[in-house]
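Student: model the following, please.
(one chain, ligands or ions: 1)
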Amino acid sequence: MVESMNEGAVSLALDGTILYCNSAFATMIDQPLDQVMGHKLSDFVAKGEVAGLADLIARSRTQANRAEMSLVSAARELPTQISLNPVKMDDDSDVIGVIVTYLSERRSREQAQEAVRMREEFLSIASHELRTPLSTLVLHLGLGERLLARSDIPRLEKTLRKAKDQADRMTELINRLLDVTRIASGKLELELQPHDLGEIVVEIVDHLAEAANKAGCEVRLNIEEGIVMQCDRMRPQQAFVNVVSNALKYAPGSPISITLERRGSEAALLVDDRGIGIESDDLARIFNRFERASSATQSGLGLGLYITREIVTQHGGTIRAERRRGGGSRFSIILPLSVRPRPA
Ligand code: ADP
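Tutor: Next up is the predicted model:
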């Protein structure tokens with residue numbers, strides 16, 4: 001009977017571990033049935049609701065409770081109503097029976113409208129951002145053609161270099177868009193190997209040296225050696241590049257300091273700048289898709305920090321932004337040195 005229900009049915013241990021679930025529940029969270037049991041129910045709810053769920057489970061030891069909660073899978077967020085009931089198995093084993101009902105109508109219509117709005121915004125921002133380097137590229141190529149006709153090789157070389165810069169900028173933007181698509185479809189896969197984080201930081205600072213020079217930023221490094229982390233090298237590298245490039249972008253003409261230190265079983269990367277700073281109301285919002293602070297002075301997709309946060313949380317870590325006393329911002333990335341990646 002439980003297997004033929006449309007509702008999800010779950011039995012929970014008091015610590016929130018899923019002891020049993022039916023296939024309707026597994027479908028709701030987009031997971032194969034045999035991979036769900038043994039996980040915590042909190043692994044499948046929206047992050048902001050984890051604390052509320054723990055409280056709900058604690059209260060449901062003795063009485064029935066009901067609440068709205070979003071179930072989260074890699075591909076989507078599902079609005080549901082969950083009803084929890086205490087079940088007495090024998091004298092000392094308490095179990096909580098949970099029925100999960102999909103709140104199909106109004107909520108999902110609102111979510112669909114929001115998704116359409118996001119997609120439209122995304123298309124308009126993406127095409128606007130891509131058009132800028134594309135038109136510059138076309139101008140450089142036109143100039144290149146004329147210089148070639150005049151056999152002005154030194155100026156032609158310079159023009160081609162500029163054209164290549166624009167093509168690189170477009171590649172970077174497109175990669176960013178592809179990453180967002182991969183994140184949305186849960187395809188950001190990690191290949192975990194031990195890597196030296198200090199080496200990664202030094203490498204990206206070298207890579208960004210020219211950009212730092214152009215921005216007039218002196219980069220001060222303070223790196224503790226020998227911090228090795230299990231990670232997919234390319235991903236923390238990308239996360240660090242995003243945060244450091246933002247510092248160059250939003251704090252031109254002032255020094256930037258980058259600190260890497262070990263804190264117990266974690267690594268902390270702190271990037272401090274003395275730039276335009278971020279209003280308190282914007283500090284959390286800027287990590288969401290397309291979100292930009294009210295102070296943003298430069299053009300951008302508002303995706304870099306979103307991708308960065310996804311990479312960091314996939315490696316089991318956290319990222320936050322703070323206002324620095326005396327102006328500017330601090331971004332802190334905390335990463336566990338040995339990672340148990342979040343279930344995809
Ligand atoms: P963008 O492409 O707009 O720079 P990000 O996702 O990288 O996108 O950043 C989101 C927003 O966060 C930026 O638009 C900017 O408003 C703000 N921001 C990021 N880094 C900094 C910083 N170091 N100083 C001030 N504002 C920042």
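
Student: stretch 178-197 close to the ligand?
Tutor: No - if you take CB under 6 Å from any ligand atom as the test, stretch 178-197 misses the ligand, and the best it gets is 10.7 Å. To be clear about C-beta, it is placed using only N, CA and C from the backbone, and glycine gets the same treatment.

Student: what residues sit buried inside that stretch?
Tutor: 179-180, 183, 188, 190, 192, 195, 197 (16 or more other CB atoms under 10 Å).

Student: for it, list the C-alpha coordinates in PDB.
Tutor: C-alpha atoms of stretch 178-197 as PDB (Å, rounded to 0.1, in the frame of the first residue of the first chain):
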ATOM      1  CA  LEU A 178      28.300  26.500 -19.200                       C
ATOM      2  CA  ASP A 179      29.300  26.000 -15.500                       C
ATOM      3  CA  VAL A 180      26.000  27.500 -14.400                       C
ATOM      4  CA  THR A 181      24.200  25.000 -16.700                       C
ATOM      5  CA  ARG A 182      26.300  22.100 -15.300                       C
ATOM      6  CA  ILE A 183      25.500  23.200 -11.700                       C
ATOM      7  CA  ALA A 184      21.800  23.400 -12.500                       C
ATOM      8  CA  SER A 185      21.800  19.900 -13.900                       C
ATOM      9  CA  GLY A 186      24.100  18.500 -11.200                       C
ATOM     10  CA  LYS A 187      26.900  17.600 -13.600                       C
ATOM     11  CA  LEU A 188      29.700  19.500 -11.900                       C
ATOM     12  CA  GLU A 189      31.700  16.400 -11.200                       C
ATOM     13  CA  LEU A 190      34.700  16.300  -8.900                       C
ATOM     14  CA  GLU A 191      37.900  14.300  -9.300                       C
ATOM     15  CA  LEU A 192      39.400  14.300  -5.900                       C
ATOM     16  CA  GLN A 193      43.200  14.100  -5.500                       C
ATOM     17  CA  PRO A 194      45.600  15.600  -2.900                       C
ATOM     18  CA  HIS A 195      46.700  19.100  -4.000                       C
ATOM     19  CA  ASP A 196      48.800  21.800  -2.400                       C
ATOM     20  CA  LEU A 197      46.600  24.800  -1.900                       C
END
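
Student: neighbouring contacts of that stretch?
Tutor: 73-75, 226-233, 235-236, 260, 267, 269, 289, 303, 306-307, 310-311, 314-315, 335, 339, 341, 344 (CB atoms under 8 Å, 6 or more residues apart in numbering).

Student: let's see which of those residues end up in helices.
Tutor: 235-236, 306-307, 310-311, 314 (DSSP state H).

Student: so who does the closest residue to the ligand within the stretch 201-344 of the chain touch?
Tutor: Of all residues in the stretch 201-344 of the chain, Gly300 sits closest to the ligand, at 2.3 Å by CB to the nearest ligand atom. By CB under 8 Å, 6+ apart, the contact set of Gly300 is 129, 249, 292.
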